[in-house]
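[1] requesting a structural model of the entry that follows:
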Amino acid sequence: MDFAAAKNMVSSTWYPHKEIHKQTWKSPGGKTNNHIDNTLIDERSASSILDVKSCRVANSNSKHFLVKGNLGVK
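    Numbering: from 1, shown residues only. Now for the predicted structure:
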């Protein structure tokens, strides 16, 4: 968090989605899902992000889900 604060970075996870699209991690037992990963971006570029959500269908052989973001080009 110190690195992010020093580089003026902000979290880009404030988009209104169903809870299932915000979850980025599945517990080893598979019964619990949580939002523990965040996407960081420079504060000046934050307005370029159009949407961020997790991709639960991608097979990454990990307990973490991939996070997909849509960026707008200025």
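[2] all the helices of this structure, in order from the start?
    Counting by DSSP state H, the segments of the chain that form helices are 2-6.
[3] so where's it shaky on pLDDT?
    1, 12-15, 36-37, 58-60, 74 (pLDDT under 70).
[4] how about the strands in it?
    9-11, 25-26, 33-34, 40-42, 49-55, 66-71 (DSSP state E).
[5] take the ones you listed and write them to a markdown table, including mean neighbour count.
    Quick note: C-beta positions are derived from backbone N, CA and C, even for glycine. What follows is the strands of the chain, written out as a markdown table (neighbours: other Cβ atoms under 10 Å):
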| stretch | mean neighbour count |
| --- | --- |
| strand 9-11 | 16 |
| strand 25-26 | 16 |
| strand 33-34 | 14 |
| strand 40-42 | 15 |
| strand 49-55 | 16 |
| strand 66-71 | 14 |
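[6] isn't residue 39 right up against residue 9?
    No: counting by Cβ atoms under 8 Å, residue 39 stays clear of residue 9, with 9.8 Å between them.
[7] for residue 71, name its beta-bridge partners.
    When bridges are called by DSSP bridges, residue 71 pairs up with residue 49.
[8] my guess is residue 7 contacts residue 41. True?
    No: taking contacts as Cβ under 8 Å, residue 7 lies outside contact range of residue 41: 10.1 Å.
[9] thinking again about what came up before, quick one: closest of the strands of the chain to residue 18.
    strand 49-55 (9.1 Å; Cβ to Cβ).
[10] other residues contacting that closest one?
    Among residues not part of strand 49-55, those counted as contacts by Cβ atoms under 8 Å, 6 or more residues apart in numbering are 12-13, 15, 17, 21-24, 39, 41, 65-72.
[11] try 10 Å
    10-15, 17-18, 20-25, 33, 35, 37-39, 41, 64-72 (Cβ atoms under 10 Å, 6 or more residues apart in numbering).
[12] same thing with stretch 17-26?
    Contacts of stretch 17-26 (Cβ under 10 Å, 6+ apart): 13, 15-16, 32-39, 51-56, 62-68.
[13] next, the buried residues of that stretch.
    Under the neighbour-count criterion of 16 or more other Cβ atoms under 10 Å, stretch 17-26 has 21-24, 26 buried.
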